[in-house]
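[1] Sequence first, then the predicted structure:
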Amino acid sequence: MTLGHDKPGGLFQGIPGIYLLLLCDVIKQFGLDEQDIIYDMGISRSELLRPDSRISMKMGHVAAQRGTALAGDMGLGMAYAQALKVTLHGSVGLVAMTSPTIGAALEAMSRFIALRAPFFKAAFETDAEEMVVSLDPTLEMDAPIRTFMTEAILIGVTIMSEQLLGRTLEHTRVEMTGPEPPYYRQFRERLPVPVRYDCPRCCVRAPIELFHAVPQLADPAAAELARQQCELEYQELFPEQENFADRISRHLQNSAKGKALPTQEEVARRFHLSSRTLKRRLQEDGTSFRELLEQEQQQRAKQLLQETELDISEIAYQLGYRDVGNFSTAFKRWTGLTPRAFRQSV
């Protein structure tokens, strides 16, 4: 991990300072000394409270390392999740609060996770029955730190969903890959959903009904403004990591599963561009909207053929093909196999 560089205006590339401040508060709740976390970092509580305060990724890693060592088996990740409030997430939290549905809120949180937790990447998936938010680390980290952060994020997602809805969640659970830790018994009754262990991946699973549930403060216009703020913040913090084509590709990847991908005109409106400007900017990056669309269609087609038993006609419909023959022709062009032959081969 490398130390982030200061940016003009007091911004640091990395993690919002409020998250380090919250870690100190949770450590104090455990009866431990917060100075054992920040004693040599050269920062004060007032500096961490600034809205534009950010700490480097290295500083965040050191703080997590010290926090998990101090807390031991006290359940730091679960306690941290309980201390989180959706308002602490800034513009990302505002997107979630004002989104038209919980599904849209979680999709936005997954999309912009790099703004708040750059150690991880998130994936958002839906099918006819459930919604899944999964989490994977982007950097190597020790097991205690990985567990702490994974618990904090995934359990935090369920707590945030309760805060947005103003009611308890039903038929929802967190899944973790490792064995059940001893501290889970102490937290079990205080968490909004059960946690299951020894699972294939770390994720939140919820019924598809939750996807369509409406937050108490839903306001599509406000959500769109907050989303634009997140996009701007992302470009300011990661200008070298993503070109325009990457942004369009990421938008397609995060589009709702189970229905046709957005058209070029819809994407252009979403990015406040004309269709001609969108086409020109993608050409400047050496690609086209059709190419990016087909890349995402191919990825989704393979996943649906491998992981579901949906009829090929239903898969074609979900991918935006009105004629199953056209889908089969496109799939054979992509892979050299018909959809049926591909499914049989895997």
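    Perfect, thanks for sending it. Numbers count the residues shown, from 1 in each chain.

[2] Go through the top helix by length along the chain and flag the buried ones.
    Among the elements of the chain assigned as helix by DSSP state H, the one spanning the most residues is helix 143-165. For helix 143-165, a neighbour-count test (16 or more other CB atoms under 10 Å) marks 144-161, 163-165 as buried. Any C-beta I mention is one placed from the backbone N, CA and C, and that applies to glycine too.

[3] tell me the domain boundaries of this structure?
    Domain segmentation of the chain under automatic domain parsing yields 1-71, 73-224, 242-345.

[4] Deepest in the core, which of these is it.
    Taking mean count of other CB atoms under 10 Å as the contact definition, the stretch among the domains of the chain with the greatest mean neighbour count is domain 73-224, which reaches a mean of 18.

[5] Compute the first-to-last residue distance for that domain.
    According to CA to CA, to the nearest Å, domain 73-224 extends 41 Å from its N-terminal end residue to its C-terminal end residue.

[6] again, but for stretch 75-93
    End-to-end span of stretch 75-93 (CA to CA): 25 Å.

[7] now swap in stretch 189-207 and tell me
    For stretch 189-207, the first and last residues are 21 Å from each other (CA to CA).

[8] Name the residues that touch that stretch?
    78, 82, 129-136, 150, 154-155, 157-159, 161-162, 168-180, 184, 188 (CB atoms under 8 Å, 6 or more residues apart in numbering).

[9] pLDDT of it, averaged?
    Average pLDDT, stretch 189-207: 96.

[10] Check stretch 94-107 too.
    Averaging pLDDT residue by residue across stretch 94-107 gives 92.

[11] Is Ile43 in a helix, a strand, or coil?
    Per DSSP: H, G, I helix; E, B strand; the rest coil, the secondary structure class of Ile43 is coil.

[12] which residues does it contact?
    Ile43 sits in contact with Gly17, Leu20, Ile55, where contact means CB under 8 Å, 6+ apart.

[13] Work out the gap between stretch 109-120 and the centre of the chain.
    6 Å (CA atoms, centre = their mean, to the nearest Å).

[14] where exactly do the strands run in the stretch 201-346 of the chain?
    With strands called from DSSP state E, counting those that start in this stretch, the stretch 201-346 of the chain shows them at 203-207.

[15] Now do the helices in it.
    Assignment of helices within the stretch 201-346 of the chain using DSSP state H, counting those that start in this stretch yields the ranges 208-212, 220-237, 244-253, 264-270, 275-284, 289-307, 312-318, 324-335, 339-345.

[16] Including pLDDT, distance to Ile315 and secondary structure, could the contacts of Ile43 go into CSV?
    Rendered in CSV, the data for the contacts of Ile43 read as follows (pLDDT from 0 to 100; distance: CB to CB, whole Å; DSSP: H, G, I helix; E, B strand; the rest coil):
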residue, pLDDT, distance to Ile315, secondary structure
Gly17, 92, 46, helix
Leu20, 95, 45, helix
Ile55, 88, 45, strand
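
[17] what residue lies at the spatial centre of this protein?
    The residue at the geometric middle of the chain, judged as the C-alpha nearest the mean C-alpha position with CA atoms, centre = their mean, is Ser110 (1.7 Å).

[18] which outside residues touch the host helix or strand of that residue?
    Assigned by DSSP states H and E, Ser110 belongs to helix 102-111. The set of residues that contact helix 102-111 without belonging to it, under CB under 8 Å, 6+ apart, is 89, 92, 95-97, 99, 122-124, 126, 131, 133, 157, 160-161, 164-165, 210-215, 223, 227, 230, 250, 254, 256.

[19] I'd like the average pLDDT over stretch 40-50.
    Here stretch 40-50 scores 88 as its mean pLDDT.

[20] Can you give me the end-to-end span of that stretch?
    As for stretch 40-50, its first-to-last residue distance stands at 20 Å under the measure CA to CA.

[21] Equivalent analysis for stretch 124-137, please.
    Looking at stretch 124-137, the gap from its leading to its trailing residue is 15 Å under the measure CA to CA.

[22] Extract the residue ranges of the stretch 1-150 of the chain that are flagged as low pLDDT.
    1-14 (pLDDT under 70).

[23] try it again with 90
    1-16, 42-47, 49-58, 61, 90, 103-104, 107-129, 136-142 (pLDDT under 90).

[24] Could you pull out the helices in it for me?
    The residue ranges that make up the helices of the stretch 1-150 of the chain, judged by DSSP H, counting those that start in this stretch, are 17-29, 35-38, 45-48, 57-71, 76-83, 90-98, 102-111, 113-116, 143-165.

[25] what's the angle from the helix holding Ser110 to helix 220-237?
    Inter-element angle recorded for helix 102-111 and helix 220-237: 10 degrees (by axes from the mean of the first three to the mean of the last three CA atoms, to 10 degrees).
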